[in-house]
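Asker: model the following, please.
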Amino acid sequence: MAAGHNPITLRLAVCLFEDVTSLDYQGPIALFGCIEPEFFNTYLQDLPLSAELKYLLEIEYLAHSLEPVKSSPGPAVVPSRRYDEVAASEQFDILMVPGGPTACPENVPKSLLEFVQRQAPGAMHILTICTGSWVLAGTGLLRGKKATTNKASFRKVVENTRGEGIEWIAKARWVVNEDDSRKIWTSSGVTAGMDMTSAFLDYLIGKELSTSLRGIIELTAKGESEDDFAVYYGLA
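Answerer: Just a heads-up that it's a prediction; the model follows:
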């Protein structure tokens, strides 16, 4: 890191639950992890434009208990903290809610929903991947917002959230709400989380540096409306 350059460290909470799809959060973490302090300062401090980095990310993995969380598919992961251990005065800057094959408000821990509701007013951004947007809908935070979700589950999600005032966008890899200072971002199924994360990093740290990070993991990211799967599932 260049002398005298002190990026702001933001706190990112990854919200885990049983049967979470591992790639839903691990895909975005492949990008977000590049700007974790230890990784960035060890491996990427000589990256072009590194002196212009505005933010680093401190990432924590939360769950309803400290037992390993089963993924579907993928390995179990050991969370760092429980939702109910986070004090009312403690604030995360970014909340990330992945999805899973059974993910919906009724199937995730109540403590997850309560944590997101407590944290949301003070959070800078909320990101969801796949059916994580259905989970977020259960908190009431998507009311009056645009959102998308996994296209294989799209009709089910729309049907089960009727009356919630959500504008579900069928043809989108990811959706951001411009009218709330880009606070809420939602993405389509699984790999679309990396597309959304790429766009989010363009916004957060600037396109040139974000492009450098994509180059490190060799990601060709799709734009917001580049959604082949809406057509595949007969949604558009």
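Asker: backbone dihedrals for Ile19, please?
Answerer: Heads up, residue 19 is Asp, not Ile. For Asp19, the backbone dihedrals are phi 70, psi 20 (criterion: degrees, to the nearest 10).
Asker: check contacts around it.
Answerer: By CB atoms under 8 Å, 6 or more residues apart in numbering, Asp19 lies in contact with Lys70, Ser71, Ser72, Gly100, Pro101, Thr102, Ala103, Asn107. Heads up, the C-betas are built off the backbone N, CA and C, glycines and all.
Asker: can I get stretch 177-187 in PDB, CA atoms only?
Answerer: Coordinates of each C-alpha in stretch 177-187 appear next as PDB, following Å, rounded to 0.1, in the frame of the first residue of the first chain:
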ATOM      1  CA  ASN A 177     -32.400   0.200  -7.100                       C
ATOM      2  CA  GLU A 178     -31.200   3.600  -8.200                       C
ATOM      3  CA  ASP A 179     -33.800   5.500  -6.200                       C
ATOM      4  CA  ASP A 180     -32.400   4.400  -2.800                       C
ATOM      5  CA  SER A 181     -28.700   5.400  -3.500                       C
ATOM      6  CA  ARG A 182     -28.100   1.900  -4.900                       C
ATOM      7  CA  LYS A 183     -28.600   0.400  -1.400                       C
ATOM      8  CA  ILE A 184     -30.200  -2.900  -2.500                       C
ATOM      9  CA  TRP A 185     -28.800  -5.100  -5.200                       C
ATOM     10  CA  THR A 186     -30.200  -8.500  -6.200                       C
ATOM     11  CA  SER A 187     -28.900 -11.000  -8.700                       C
END
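Asker: other residues contacting it?
Answerer: Contacts made with stretch 177-187 from outside it, assessed by CB under 8 Å, 6+ apart, are listed as 123-130, 132-133, 136, 141-142, 145-149, 173-176, 193, 195-196, 199-200, 203.
Asker: filter these down to the ones in strands?
Answerer: Those of the contacts of stretch 177-187 mapping onto strands are His125, Ile126, Leu127, Thr128, Lys146, Ala147, Trp174, Val175, Val176, per DSSP state E.
Asker: pull the most distant pair out of those residues.
Answerer: In the ones in strands among the contacts of stretch 177-187, two members sit farther apart than any others by CB to CB. They are His125 and Lys146, at 15.2 Å.
Asker: which one of these two is surrounded by more residues?
Answerer: Ranked by neighbour count (other CB atoms under 10 Å), His125 and Lys146 place His125 first, with 20 against 17.
Asker: per-residue pLDDT, that one?
Answerer: We have a pLDDT of 98 for His125.
Asker: now Leu219
Answerer: If you check Leu219, the pLDDT there is 97.
Asker: that one: what secondary structure?
Answerer: Classification of Leu219 by DSSP: H, G, I helix; E, B strand; the rest coil places it in coil.
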